[in-house]
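Novice: Just to be clear, the model below is a prediction. Sequence and coordinates:
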Amino acid sequence: MVNDFISLVDFSGDELLGLLDFADELRAKQHAGEPHPLLFGKTVAMIFEKPSLRTRVTFETGIFQLGGQSIFLETRLGQRETVPDMAKNLERWVHGIVARTFSHEHVLELAEHASIPVINALTDLSHPCQILADVQALRAHKGADLGSLKVAFVGDGNNVFNSWANFAARVPLNLTLVCPEGFEADGGIVAEAQASARGTIEITHDIAAGVRDADAVYTDVWASMGQEEEEAQRRQAFHPYQVNASLMAHAKADAVFMHCLPAHRGDEVTNDVIDAPQSIVFDQAENRLHAQKAVLATLLK
């Protein structure tokens with residue numbers, strides 16, 4: 001097991017499945033009210049450059065439930081002092097760093113210069129904690145045989161899709177990105193994932209073909225943080241890719257709907273889909289707590 005949690009490609013398939021099994025154990029303990037102070041006496045610094053609901057609450061709550069303490073730092077890396085200097089200070093005081101940043105390079109720089117574990121809580125390139133929570137929810141609803149499942153990711157080839165591709169490069173899973181032309185995912189990440197995958201990883205602009213026979217239909221906002229100036233252009237490009245009842249009809253009848261949240265209702269998804277019984281978005285959100293606790297307890301033990 002590596003010392004940091006920066007990208008899912010840094011782990012083997014068995015290690016990722018082990019983290020998911022551990023997350024299931026921690027979820028069961030939490031629901032049973034069974035204490036599990038695995039980080040008793042440990043302190044974690046949380047560096048956040050972006051606004052957050054799920055990430056901040058689940059990390060702070062998870063660290064507390066594990067018996068540790070968190071320190072929240074709302075700052076921009078590299079402005080007040082260099083990233084290496086911050087890393088070398090923090091390693092003297094705390095046991096781990098959680099970083100939610102714009103630049104992926106800043107998280108890599110933290111990990112390079114800090115002797116303590118660094119956890120990627122989101123960058124513009126990837127969002128590995130989200131995908132662990134997503135797959136934990138998917139396994140709960142569709143079973144452990146991920147290799148037989150098809151996930152159709154409808155929308156932007158963004159950081160969330162990148163991490164889905166990273167996961168599918170390590171654990172058998174069939175993944176399709178359904179997007180407008182010009183909004184494909186990072187070419188290097190996709191090529192590496194396709195070369196390593198034991199399932200299929202595809203990109204298509206054909207909505208019906210891309211969603212056909214999907215076991216899960218996933219979407220995300222059309223304009224992420226930092227892309228606000230592109231919002232009007234993106235709304236026009238992505239409007240045909242809205243996840244609504246007509247689009248869901250192309251998937252399997254028992255397909256689940258997934259979203260990493262926050263959702264812009266009426267844009268990428270309609271209320272009748274996100275509020276339907278097939279929606280598991282709040283299971284995904286809850287699992288951010290359990291999956292991140294598994295990462296924290298594994299790296300900081």
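Specialist: Arrived safely.
Novice: list the contacts for Ala208?
Specialist: Ala208 sits next to His250 when contact means Cβ atoms under 8 Å, 6 or more residues apart in numbering. For every residue, glycine as well, the C-beta is placed using N, CA and C.
Novice: Ok, Leu261 next?
Specialist: With Cβ under 8 Å, 6+ apart, Leu261 has these contacts: 53-54, 281, 284-285.
Novice: Which helix or strand contains it?
Specialist: Per DSSP states H and E: Leu261 is located in neither a helix nor a strand.
Novice: Distance check, it against Ile6.
Specialist: 23 Å (Cβ to Cβ, to the nearest Å).
Novice: same check, this time on Ala263
Specialist: Taking Cβ to Cβ, one finds Ala263 at 27 Å from Ile6.
Novice: neighbour count winner among those two?
Specialist: Neighbour count, other Cβ atoms under 10 Å: between Ala263 and Ile6, Ile6 has more, with 22 against 19.
Novice: The residue nearest to that one when sequence neighbours are not counted and Val44, how far apart?
Specialist: With Cβ to Cβ, 6 or more residues apart in numbering as the criterion, Ile6 has its nearest non-adjacent residue at 4.8 Å, and that residue is Asn120. With the distance defined as Cβ to Cβ, Asn120 ends up 14 Å from Val44.
Novice: before we move on, what about Leu77?
Specialist: In terms of Cβ to Cβ, Leu77 sits 17 Å off from Val44.
Novice: Check Val256 too.
Specialist: According to Cβ to Cβ, Val256 and Val44 sit 32 Å apart.
Novice: what's the answer for Asp213, then?
Specialist: 42 Å.
Novice: of the two, who's got more company?
Specialist: Under the neighbour definition other Cβ under 10 Å, Asp213 and Val44 were set side by side, and Val44 has more, 26 against 12.
Novice: tell me which element that one falls in.
Specialist: Val44 belongs to strand 43-48, assigned by DSSP H and E.
Novice: How about Leu108?
Specialist: helix 104-113.
Novice: That helix - contacts with which helices or strands?
Specialist: helix 83-93, strand 96-100, strand 118-122 (3 or more Cβ pairs under 8 Å, 6 or more residues apart in numbering; DSSP states H and E).
Novice: got the angle for that helix vs helix 83-93?
Specialist: Computed by axes from the mean of the first three to the mean of the last three Cα atoms, to 10 degrees, the angle separating helix 104-113 from helix 83-93 equals 50 degrees.
Novice: Touching helix 104-113 from outside, list them.
Specialist: 4, 6, 47, 77-78, 83-84, 86-88, 97, 99, 101, 118, 120, 123-126.
Novice: Now the buried members of the residues you listed.
Specialist: Buried residues within the contacts of helix 104-113, counting neighbours by 16 or more other Cβ atoms under 10 Å: 4, 6, 47, 77-78, 83, 86-87, 97, 99, 101, 118, 120, 123-126.
Novice: Give me the secondary structure label for Asp14.
Specialist: helix (DSSP: H, G, I helix; E, B strand; the rest coil).
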